[in-house]
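Visitor: generate a structure from the sequence data that follows.
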Amino acid sequence: MSRLGEDGAVVVAEGLGAPEGLAVLDGELCTVDTAGRRLLAVSPMTGEPRVEAEELPVGLPPGVRPPVRPALFAGGLPGSARRFAGLTAAPDGTLLLSADGEGTVLRLTPSRGND
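Guide: Model prediction:
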């Protein structure tokens, strides 16, 4: 994950398995790491990630290989869109996650760094 700085791109967080979806909530970047099946909140200044939720129904189940699919636009013809975990901040301060693993929408309440 990167942000644009005065000198170009600056790495904010590294080592994310397969990040999908991005939302900003209370000054933190929130993303879903589908490889780890977890929701992360990342400080844009320090890059320090915090796990907000685990064992989410996103990504493929462990041990399942992704199917081989044609490109989205192969030879000018539409292919099949791949599944994606979407994330957005709701007006009430929660996060809405479209869980691609089972097709549901989850409402998540982040801890906002309060342990």
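Visitor: now residue 4: which helix or strand?
Guide: Element membership for residue 4, per DSSP states H and E: strand 2-5.
Visitor: swap in residue 51?
Guide: Residue 51 belongs to strand 49-53, assigned by DSSP H and E.
Visitor: just the mean pLDDT for that strand, thanks.
Guide: Across strand 49-53, the average pLDDT comes to 89.
Visitor: that strand pairs with which strands?
Guide: strand 38-42 (antiparallel) (DSSP bridges).
Visitor: just the CA coordinates for the strand it pairs with, please, in PDB.
Guide: Below are the C-alpha coordinates for strand 38-42, written out as PDB (Å, rounded to 0.1, in the frame of the first residue of the first chain):
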ATOM      1  CA  ARG A  38      -8.800 -10.300   8.000                       C
ATOM      2  CA  LEU A  39      -9.600  -6.600   8.200                       C
ATOM      3  CA  LEU A  40      -6.600  -4.400   8.800                       C
ATOM      4  CA  ALA A  41      -6.500  -0.700   9.900                       C
ATOM      5  CA  VAL A  42      -3.200   0.900   8.900                       C
END
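Visitor: may I see the buried residues of stretch 26-41?
Guide: Neighbour-count burial for stretch 26-41, counted by 16 or more other CB atoms under 10 Å, picks out 28-34, 36-41. Yep, even glycine has a C-beta here, placed from its N, CA and C like the rest.
Visitor: ok, those vs residue 11, which is closest?
Guide: residue 29 (12.5 Å; CB to CB).
Visitor: the strand or helix carrying the closest one - contacts with which helices or strands?
Guide: Applying DSSP H and E as the criterion places residue 29 in strand 28-33. Secondary-structure packing of strand 28-33 (3 or more CB pairs under 8 Å, 6 or more residues apart in numbering; DSSP states H and E): strand 19-25, strand 38-42, strand 86-89.
Visitor: which residue is nearest the centroid of this structure?
Guide: What sits nearest the mean C-alpha location of the chain, by CA atoms, centre = their mean, is residue 32, with 2.6 Å.
Visitor: out of the buried residues of stretch 26-41, which is nearest to residue 109?
Guide: residue 39 (10.8 Å).
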